[in-house]
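1. Just the structure for this:
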Amino acid sequence: MGARVIMVASGKGGTGKSTVAVLTAGRLAGRGRRVLLVELDSGLRSVDYIADVYGKTVYDVEDVFSGRCAAGKAIVESPLYPDLYVISAPYSGGRVREAALRVFVERAKPVFDDIVLDTAAGMGAPFEAACAVADSVLLVITPDPVAMRDGHIVCDALAAKSLENIRLIINRVPPRLTGCGIRDLDECIDTVGAQLIGVVPESTEVRTAGAMGTALPKKSTAYQVFSAIAARLCGDSVPLIVR
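-> Numbers count the residues shown, from 1 in each chain. This is a model prediction of the structure:
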């Protein structure tokens, strides 16, 4: 049967999607799973910094898709998260082709437990290609009207492609929602129309992990939140952490 394929998507840029992808994949790996994280956002590369593989990569996903190198030469293990393997997007150029991604995923499935696809924001070629191979989707929004609206549009597009296992992550949630333009988190869930799997609070730890490529402190709320998200993805019933 091989690995399950988890697509990480967002309706707009700036939701922290790539940080969520890395931290979720890292906690899946922390559960003893062998995880491959594939960055599909050509030209806006960031996963290499967040997973601390910057400077360790020679080849990228475009090199693999175009046949310039074997996949094994482009995949690098994250020093922050043992058993998390990363293949980066190119710095510039390149395009994600559905047929090439499908071949790559089928070849990688026997080697990994999870394949996490970090798509580009919106619904361009990376989104379309990932939809063709994904088993489930993590849809990342922030608690504001624009992200909610765009999340709803993406959720509808995913459903139209018969992707039913769509889970919502509300990221960068401040201690108080005053000034965000929404009543509460229930409004986010109802507007987007996807089942909630995690609420990530705005925190220095998450910002630092995303900007500097550092691991979350194990005693932090954010670490607990991403551990809980990974547990739910693995079928465990754990309470929602909202602080």
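2. For the protein, which segments count as strands?
-> 4-9, 35-39, 76-77, 84-87, 114-118, 136-141, 166-173, 195-201 (DSSP state E).
3. With distance to residue 46, mean pLDDT and mean neighbour count as extra columns, can I get the ones you listed in JSON lines?
-> Where you see a C-beta, it was placed from the backbone N, CA and C, and this is true even at glycine. Formatted as JSON lines, those follow (distance: least, CB to CB, whole Å; pLDDT from 0 to 100; neighbours: other CB atoms under 10 Å):
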{"stretch": "strand 4-9", "distance to residue 46": "13", "mean pLDDT": "98", "mean neighbour count": "24"}
{"stretch": "strand 35-39", "distance to residue 46": "8", "mean pLDDT": "97", "mean neighbour count": "28"}
{"stretch": "strand 76-77", "distance to residue 46": "15", "mean pLDDT": "96", "mean neighbour count": "18"}
{"stretch": "strand 84-87", "distance to residue 46": "11", "mean pLDDT": "97", "mean neighbour count": "26"}
{"stretch": "strand 114-118", "distance to residue 46": "9", "mean pLDDT": "97", "mean neighbour count": "27"}
{"stretch": "strand 136-141", "distance to residue 46": "14", "mean pLDDT": "98", "mean neighbour count": "26"}
{"stretch": "strand 166-173", "distance to residue 46": "15", "mean pLDDT": "97", "mean neighbour count": "22"}
{"stretch": "strand 195-201", "distance to residue 46": "17", "mean pLDDT": "97", "mean neighbour count": "19"}
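4. Same list as before, those strands that is, but in JSON lines and with distance to residue 154 included.
-> Compiled in JSON lines, the strands of the chain are given as follows (distance: least, CB to CB, whole Å):
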{"stretch": "strand 4-9", "distance to residue 154": "6"}
{"stretch": "strand 35-39", "distance to residue 154": "19"}
{"stretch": "strand 76-77", "distance to residue 154": "29"}
{"stretch": "strand 84-87", "distance to residue 154": "24"}
{"stretch": "strand 114-118", "distance to residue 154": "14"}
{"stretch": "strand 136-141", "distance to residue 154": "6"}
{"stretch": "strand 166-173", "distance to residue 154": "9"}
{"stretch": "strand 195-201", "distance to residue 154": "15"}
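5. who wins for proximity to residue 215 among those?
-> Put simply, out of the strands of the chain the one that sits nearest residue 215 is strand 84-87, at 10.9 Å, with distance taken as CB to CB.
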